[in-house]
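K.L.:
Sequence and predicted structure, then a few things I'm wondering about:
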Amino acid sequence: MKTIGLIGGMSWESSLEYYRIVNQAMKEKLGGLHSARCVLYSVDFAEIEEAQRAGDWRGAADRLTDAARALERAGAECVVLCTNTMHKVAGEIQAGVRIPLLHIADAAGNAVRAAGMRTVGLLGTRFTMDEDFISRPLTEKFGLRILLPEPVERDIVHDVIFRELCLGIIRPESRNRYVEIIGGLARRGAEGVILGCTEIELLIRAQDTPIPLFPTTRLHALAAVDFALS
């Protein structure tokens, strides 16, 4: 079994899900008392979020690269960046270490293609929806067509993430609004929807909507388990 390196804390609520999923999946695959060999480096999200708001992506990349190097020194054999948004600097992080970074878009893209879909919606932070660091690999590598919520809906999705989910707040009215937005994407042709923020899975579950969902936290964590057992 290889050792998984997790960069968490963005937010810790979703990082907790990564830890739970990798260990549950490892036990399911190997049985008995097995759990995952993993190393977790948890950053202070307030510092990362401040860098995001200031547009200091270089500074954020430096912090996360330092975290990846610490994981490598600790024996990790891959890096799992437990956030969609900070994959904006995935290239810089990968360049700073010798071990592979398992990209979250690859985990999502593989799942969508395995489901036989070509057109999917994408929910995430404003950075993830407005920029192409997640949608571009999904389009170029997996041949997917990506649909985004309308601009006003993107504001709602982003605000719920930062003002509620990252603080551990789960509100039924926010779940209902997300379900409405997902329904709108389906009416525009989305065959499924990628939950492209690791906190969204704290709010939206498969039973909340008839539209197939692709939860990136779970898919990314399971990809890490597959790597560890490869």
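P.N.:
Happy to help now that I have it.

K.L.:
got the buried residues for the strand or helix carrying R69?
P.N.:
R69 belongs to helix 57-73 when assigned by DSSP states H and E. Applying a neighbour-count criterion of 16 or more other CB atoms under 10 Å, one finds A60, A61, D62, R63, L64, T65, A67, A68, R69, L71, E72 buried in helix 57-73. In short, each C-beta sits where N, CA and C put it, glycine included.

K.L.:
Turn those into CSV, including distance to I156 and pLDDT.
P.N.:
Below are the buried residues of helix 57-73 laid out as CSV (distance: CB to CB, whole Å; pLDDT from 0 to 100):
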residue, distance to I156, pLDDT
A60, 25, 97
A61, 28, 97
D62, 32, 97
R63, 29, 97
L64, 28, 98
T65, 33, 98
A67, 31, 98
A68, 33, 98
R69, 37, 98
L71, 35, 98
E72, 39, 98
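
K.L.:
And the residues you listed, which is closest to Y41?
P.N.:
Nearest to Y41 among those, counting by CB to CB, is A67 at 4.4 Å.

K.L.:
Roughly how far does that closest one sit from I170?
P.N.:
Remark: distance between A67 and I170 (CB to CB, to the nearest Å) = 28 Å.

K.L.:
Just the closest of the buried residues of helix 57-73 to T128, please.
P.N.:
A60 (14.3 Å).

K.L.:
which residue packs closest to the closest one, ignoring adjacent ones?
P.N.:
A51 (4.0 Å; CB to CB, 6 or more residues apart in numbering).

K.L.:
got the buried residues for the helix or strand hosting that neighbour?
P.N.:
Using DSSP H and E, A51 maps to helix 45-54. By neighbour count on 16+ other CB under 10 Å, the buried set for helix 45-54 is F45, I48, E49, A51, Q52.

K.L.:
Is the first one in contact with C166, as I believe?
P.N.:
Yes: if you go by CB atoms under 8 Å, F45 and C166 touch, sitting 7.2 Å apart.

K.L.:
Spit out the residues that contact these two alike.
P.N.:
Common contacts of F45 and C166 (CB atoms under 8 Å, 6 or more residues apart in numbering): S11.

K.L.:
per-residue confidence for the residue nearest to R126 when sequence neighbours are not counted?
P.N.:
Nearest residue to R126, sequence neighbours excluded (CB to CB, 6+ apart): H158, at 4.1 Å. Note on H158: pLDDT of 97.

K.L.:
now swap in I48 and tell me
P.N.:
So, for I48, pLDDT stands at 95.

K.L.:
Can you tell me how far it is from G124?
P.N.:
Counting by CB to CB - I48 and G124 are separated by 15 Å.

K.L.:
so who does L219 touch?
P.N.:
I104, A107, A108, N110, A111.

K.L.:
right, I mislabeled it, should have said A186
P.N.:
G121, V193, I211.

K.L.:
and the gap between it and V112?
P.N.:
From A186 to V112 the distance is 15 Å (CB to CB).

K.L.:
Next secondary structure element downstream of whichever strand or helix holds D159?
P.N.:
Assigned by DSSP H and E, D159 belongs to helix 151-163. Downstream of helix 151-163, the next assigned helix or strand under DSSP H and E is helix 172-187.

K.L.:
Report all helices and strands that the helix or strand following that following helix contacts.
P.N.:
Following helix 172-187 in sequence order, the next helix or strand is strand 192-195 (DSSP H and E). Judged by 3 or more CB pairs under 8 Å, 6 or more residues apart in numbering; DSSP states H and E, the packing partners of strand 192-195 are helix 104-114, strand 119-123, helix 172-187, strand 213-215, helix 216-229.
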